[in-house]
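> fold the stuff below for me.
(2 chains)
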Amino acid sequence: MPLWTFSGLLQGKQTTPWPLAEGKDGQTGVLGMPRYHPDRCDEGCEACAEACPTGAITMRPGNGQDGRLDVDYGRCVVCQLCTEACPTDAMTPSSDWAFGVRSRDDLVWRQHAQSAKASGTTARRSFRRSLHVRHVDSGSCNGCESELQALNNPFYNLHRLGIFFTASPRFADLLLVTGCVTYAMHEPLRATYEAMPEPRWVMAIGTCAVSGGIVEGGYACGHGLDGVIPVDVYLPGCSPNPAAIVEALLMFLDRVPQRVHGGQIVD
Amino acid sequence: MQKPKAIAPGQLESTAGRLLDAGGRMQMVYAWHPELDQIELRYVAHERPLKPFSVWSCRPSEPVPSLAHIWPLLSWYEREITDLFGFPFQDQPQPEPLVLLAGAEPAIPPFDPHFPAGVELSVKASKISLPEVAGAEAAVQLMPFGPVRADVLESAEFLFLYIGEAILHLSTRLFFKHRGMEKRFEGKMAEPGVILAERVSGVGSVAHALAYCQAVEIASKCTAPPRARYLRVLLAELERLYNHLHYFGHLCHTTTLKVGEAEGKLLEERAKQLNGRLTGSRLLRGVLALGGLRRDLSPETWLSAELEALRDAFAAYAARLEDTDSYLDRLITTGPLEKEVAFEQGATGPIERGSGVDRDLRRDHPYAAYADLPFEVALRDAGDAHARAQVRMEEVNSSISLMQQVLDNLPEGPVLEPCEITPRSEGLGWTESPRGTLFYAVHFDEDAKLARVKVKSPSFSNWRAFPFTVHQTNMMDYAINEASFGLTIAGCDR
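Numbers count the residues shown, from 1 in each chain, chains lettered A, B, ... in the order given. From the prediction side, this is the model:
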């Protein structure tokens, strides 16, 4: 055992100073949501909408006021097929993975998106330095769990931010839900939510929990959290990477501002 | 792919018996509807290495005998067919729902062509079936655990019948996460199927998408160009690497070796960051395509050095683990799985190789570029948790060696040969995923759309074998034993 302590100490500090200070977020090269540039669209071109496997991109009937397409990042599984299909670079790959929002509307692209300041005086204020979270898998592919588990590795070391995973919903302030809510997990999910003390909040982690994603529909899949339990933060992604989850948690606690408005990052 | 051999329902038992006597191995059975009101059973069998898998087709008009008494591993497949297709098997030893929650069975089964579109299952009260306890009722206690468990884990329920510290019986209730994924493929074109296959089991994205691509390529007689086949090996081994590193972090968590847990998880994080840098996805998604890869990867300049650094770090870590008594004491003799049980119950991957069953599809039925790349298959005989861990330990090393061979011998050229789908065709694809054998069977209809996709994930096989290592053991060993199997639930439940 002393050998382990010694070898551990020899490795030095492995935790990134990000996001509290300048440092690596560990996401070099990781692709996020494709960026939509409506001014580059060709009249009559539907290539991206045809390529999209989840219906995140749909053609708008008639010529809309702003973009020609309806782009819903709450349905995007980051497959990048639209960026390959688009002949005019109207859909481009990007590193915009930090897509946590408080309102589902903010995941839908719109022109003239403006940032709104967080009040900073919400009921969450007293949880800013000590938040206990409980995770429920309501029918995921295990990709989101893989990235949630990574939050406790030495690189991200979530504890240092005052955020802790707890074993029981009875001690939890925030419920992190992954998966599309299968018919069989519907009741266990509701029971877990009901077991939490008030005030209680819910974060939908991953595109399946936000909208059902690529598996939505069918006889067993479900449609995500909306209509099952109330949602306070939506974080699409497939899977959202650990840094995106960290940002969304800090945004929920009003420790960093919400960056995404109208389906685009507005700093 | 070999043409399926038609077998009359009356010949099933004798044919299955001959396969067993000849030293072959049954893989799975699945069902599909070649015509509206005609069900067809497909048995997939392995006769001997380097010979194509044989496929038997059987079109029954009435229930056929269960083959579980010859091949116990078939029991779960038969029960799945009964749940999803409504097709019964005579003398099935456990005739109760498996894939659908008890109490959720719809009047028309979901894979019946007459199942109405838009209907979603629901379950009110689900009854739990457990063995009866006779005689010592007062002493035997029941502990239900799940489906929402402690920590960040996938959903499943475990029911323990126990006395004090001793576990008498474990019933697993999986399939809470059943999403009906196989049905989600139906009616789709072949290309979006790749995106869907990547999302059947997140930590097996490459293995699933690769098996799917290979099944479609076999159906349509396409071949991926050499560079793509080499890069496919690279992706598959990168997936094995981060999964196996995760395994050790988690195993140390259950043996409460805290620094070992932290180091294992840090190594996994390093591997995942390499994935992100190489492909844009930490889970290696969005690269595979029918007929090759969606885009070229250029790993030659930096990946090799990073992998070598990871190999050295893991070697030091593994040596320290194997020199730590508190860790070894918890693993050695824990959860033994005998070779016969592993074979009969269909255990696969590092689990069967830890119990002395020498099988690895990369060597026995090579795909992608594995035929060109020599490697040693790790094997242990002890069958305990330690043997399962040691197999994975060796595989980390052989995995990095395979990747270095790919990087040294990477052919030049294109990475995509577009693949045109042949209508009314079918194909069987397979990979040796980090957790074992994975099969995709695909059938196309006359419009070249997917008519049926069967997914056989390794965890479906290993969850069946797992309870055999739990009965008559103790509670303290349970979590360690489960971690030593390294199972996922998403792929099993689908």
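
> from now on I want contacts and neighbour counts done on CA atoms only, so please keep to that.
OK.

> which residues of the stretch 151-300 of chain B fall in helices?
Remark: helices assigned in the stretch 151-300 of chain B by DSSP state H, counting those that start in this stretch are B:181-185, B:190-197, B:205-219, B:226-254, B:258-279.

> counting by contacts, list what the first one packs against.
Right, helix B:181-185. In terms of contacts (3 or more Cα pairs under 8 Å, 6 or more residues apart in numbering or on different chains; DSSP states H and E), helix B:181-185 is packed against strand B:450-456.

> and the strand it packs on, how far out from the chain middle?
Strand B:450-456 has its C-alpha centroid displaced from the chain centroid by 15 Å (Cα atoms, centre = their mean, to the nearest Å).

> re earlier: and the helices of the stretch 151-300 of chain B, which is most packed in?
Using mean count of other Cα atoms under 10 Å in any protein chain shown, the stretch among the helices of the stretch 151-300 of chain B with the greatest mean number of neighbours is helix B:205-219 (a mean of 28).

> which residues touch it?
Residues outside helix B:205-219 that contact it (Cα atoms under 8 Å, 6 or more residues apart in numbering or on different chains): B:1, B:190, B:193-195, B:197-201, B:223, B:232, B:235-236, B:239, B:283-285, B:288-291, B:419, B:421-422, B:425-433, B:438-442.

> quick one, it and strand B:450-456 angle?
Between the direction of helix B:205-219 and that of strand B:450-456, the angle (axes from the mean of the first three to the mean of the last three Cα atoms, to 10 degrees) works out to 130 degrees.

> ok, back up a step: output the helices of the stretch 151-300 of chain B as CSV; include the columns mean pLDDT and distance to B:Pro52.
Below are the helices of the stretch 151-300 of chain B laid out as CSV (pLDDT from 0 to 100; distance: least, Cα to Cα, whole Å):
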stretch, mean pLDDT, distance to B:Pro52
helix B:181-185, 93, 24
helix B:190-197, 94, 23
helix B:205-219, 96, 12
helix B:226-254, 96, 19
helix B:258-279, 94, 32
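
> okay, the ones you listed in TSV with distance to A:Gly227 next?
As requested, these are arranged in TSV below (distance: least, Cα to Cα, whole Å):
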stretch	distance to A:Gly227
helix B:181-185	22
helix B:190-197	25
helix B:205-219	30
helix B:226-254	35
helix B:258-279	34
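
> distance of the residue of the stretch 301-450 of chain B found nearest chain A from B:Glu165?
Nearest residue of the stretch 301-450 of chain B to chain A (Cα to the nearest Cα) works out as B:Thr324 at 7.4 Å. From B:Thr324 over to B:Glu165 the distance is 26 Å, taken as Cα to Cα, to the nearest Å.

> neighbour-wise, which of the two wins?
Between B:Thr324 and B:Glu165, counting by other Cα atoms under 10 Å in any protein chain shown, B:Thr324 is the more crowded of the two (14 against 11).

> B:Phe87 in helix, strand or coil?
Recorded secondary structure, B:Phe87: coil (DSSP: H, G, I helix; E, B strand; the rest coil).

> circling back to that earlier point, state the pLDDT value of the residue of the stretch 301-450 of chain B closest to chain A.
Per-residue confidence at B:Thr324 stands at 93 (pLDDT).

> what sits against the residue most central in space within chain A?
Nearest to the geometric centre of chain A sits A:Leu235, at 2.0 Å (Cα atoms, centre = their mean). By Cα under 8 Å, 6+ apart, A:Leu235 lies in contact with A:Phe99, A:Gly100, A:Val101, A:Met203, A:Ala204, A:Ile205, A:Gly206, A:Thr207, A:Val210, A:Ile245, A:Ala248.

> please apply the same query to B:Val64.
Shown here is B:Val64, whose contacts under the criterion Cα under 8 Å, 6+ apart are B:Pro9, B:Gly10, B:Pro88, B:Phe89, B:Gln90.

> which residues does A:Thr54 contact?
Applying Cα under 8 Å, 6+ apart as the definition, the contact partners of A:Thr54 turn out to be A:Arg75, A:Cys76, A:Val77, A:Gly213, A:Ile214.

> ramachandran angles for it?
Backbone torsions of A:Thr54, given as degrees, to the nearest 10, read phi -120, psi 0.

> run a quick neighbour tally on A:Ser239.
Residues within reach of A:Ser239, counting by other Cα under 10 Å, total 32.

> quick check: residues of the stretch 101-250 of chain A near chain B?
Counting by Cα under 8 Å from any Cα of the partner chain, the positions of the stretch 101-250 of chain A adjacent to chain B are A:134-146, A:148-150, A:153-155, A:165-168, A:182-185, A:188, A:192, A:214-215, A:217-222, A:241.

> inside helices: which ones of these?
Within those, residues falling in helices by DSSP state H are A:Gly143, A:Cys144, A:Glu145, A:Ser146, A:Leu148, A:Gln149, A:Ala150, A:Pro188, A:Thr192.

> out of those residues, which is most surrounded?
By neighbour count, taken as other Cα under 10 Å, the most surrounded of those turns out to be A:Cys144 (28 neighbours).

> re the thing from before, in a markdown table: the contacts of B:Val64, plus pLDDT.
Formatted as a markdown table, the entries for the contacts of B:Val64 read as follows, by pLDDT from 0 to 100:
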| residue | pLDDT |
| --- | --- |
| B:Pro9 | 89 |
| B:Gly10 | 89 |
| B:Pro88 | 93 |
| B:Phe89 | 93 |
| B:Gln90 | 91 |
